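Asker: Dropping a prediction and its sequence here:
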Amino acid sequence: MIDTHCHILPALDDGARILDEAVEMARGAAKAGTRVIVATPHWAARGPSATGDFLRRQTAALGEALAANGVDVRVEPGAEVALTPSLLETAGPDTLPTLAGSEYVLVEMPTYLDWDLARRVFFELQLRSVKIILAHPERTAALCENYERAQELRAGGIKLQVVLPSLVGQMNRFIRALARRLVRDGLADLLASDAHDAAPRSVQLARARKLVDKLGGPGTFERLTVTGPASLLGIDT
Ligand SMILES: [Fe+2]
């Protein structure tokens with residue numbers, strides 16, 4: 001698996017708290033078959049983690065710690081950017097951190113953000129040549145309420161990244177239903193863990209593989225977790 005959404009960088013957000021926990025997360029991911037993790041801490045426009053340079057340095061340091069601990073997983077830099085109107089004060093393709101050196105920015109919509117406002121911000125970002133992957137669209141109330149909105153985003157060039165906890169049922173039934181519908185209809189482009197801790201994920205992944213291949217047809221899980229992210233982000237596996 002290429003995990004394109006993981007809160008593994010230590011002490012930056014509500015993910016890994018210390019380096020040892022980050023190493024344990026990677027060790028567990030490796031055991032479950034993950035080869036590449038894009039580290040995506042929650043991003044803030046100001047503060048130490050605001051620059052791509054800082055994120056690349058932190059990711060490289062984690063990579064060294066993984067190698068020193070014999071964990072065979074590659075980590076790539078990234079971030080998860082919250083979609084807010086104030087984002088437009090600074091946002092452009094050169095100011096927002098992208099995933100794994102690609103042109104894509106991982107964006108999350110606050111759960112209850114007004115739909116018309118969200119649409120305007122998406123549109124404005126695209127006008128500024130920002131390429132967008134929307135993290136867990138299924139967790140957004142505006143999209144749960146109206147499926148056509150998700151279709152509209154996808155048709156407008158925004159890639160959709162469903163996350164494992166939504167799909168295999170740890171969230172509520174509305175979230176689960178939308179996650180599954182996006183996979184079934186071929187609107188999901190990526191599937192990622194959104195892991196925040198070192199809880200084992202082998203069982204979750206096995207369940208997801210079965211479910212995703214049933215919903216989208218054989219090979220869908222592989223496409224959403226390996227070949228899709230590899231070609232979209234230009235990642236070697
Ligand atoms: Fe996240």
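Answerer: Thanks, I have the structure now. Because the structure is predicted, anything quoted here is derived from the model rather than measured.
Asker: and the protein, which residues reach the ion?
Answerer: Proximity of the chain to the ion is confined to 80, 194 under the rule CB under 5 Å from the ion. All C-beta spots, glycine's among them, are computed from the backbone N, C-alpha and C.
Asker: for the chain, which spans come out with low pLDDT?
Answerer: 47-49 (pLDDT under 70).
Asker: Name the helix or strand for the most centrally placed residue in the chain, please.
Answerer: Among the residues of the chain, H5 comes closest to the average C-alpha position under CA atoms, centre = their mean, at 3.1 Å. With secondary structure defined by DSSP states H and E, H5 is part of strand 2-6.
Asker: what does F123 give?
Answerer: Going by DSSP H and E, F123 is part of helix 115-127.
Asker: helices or strands up against that helix?
Answerer: Counting contacts by 3 or more CB pairs under 8 Å, 6 or more residues apart in numbering; DSSP states H and E, helix 115-127 packs against strand 131-135.
Asker: quick one, what contacts D197?
Answerer: 15-16, 21, 25 (CB atoms under 8 Å, 6 or more residues apart in numbering).
Asker: mind redoing it with 7 Å?
Answerer: Contact analysis of D197 by CB atoms under 7 Å, 6 or more residues apart in numbering lists M25.
Asker: Over to it. Which of the three states is it?
Answerer: coil (DSSP: H, G, I helix; E, B strand; the rest coil).
Asker: how near is it to R17?
Answerer: 9 Å (CB to CB, to the nearest Å).
Asker: Please tell me I have it right and V121 contacts E89.
Answerer: No - counting by CB atoms under 7 Å, V121 does not reach E89; the two are 11.4 Å apart.
Asker: So which of the two has more stuff around it?
Answerer: V121 (20 against 8; other CB atoms under 10 Å).
Asker: Just the C-alpha atoms of the helix holding F123, please, in PDB.
Answerer: C-alpha atoms of helix 115-127 as PDB (Å, rounded to 0.1, in the frame of the first residue of the first chain):
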ATOM      1  CA  TRP A 115     -21.300  24.400   1.100                       C
ATOM      2  CA  ASP A 116     -21.500  27.600  -1.000                       C
ATOM      3  CA  LEU A 117     -18.600  29.000   0.800                       C
ATOM      4  CA  ALA A 118     -16.600  25.800   0.400                       C
ATOM      5  CA  ARG A 119     -17.300  25.700  -3.300                       C
ATOM      6  CA  ARG A 120     -16.100  29.200  -3.700                       C
ATOM      7  CA  VAL A 121     -12.800  28.500  -1.900                       C
ATOM      8  CA  PHE A 122     -12.300  25.300  -4.000                       C
ATOM      9  CA  PHE A 123     -12.900  27.200  -7.200                       C
ATOM     10  CA  GLU A 124     -10.600  30.100  -6.200                       C
ATOM     11  CA  LEU A 125      -7.800  27.600  -5.300                       C
ATOM     12  CA  GLN A 126      -8.200  26.000  -8.700                       C
ATOM     13  CA  LEU A 127      -8.000  29.400 -10.400                       C
END
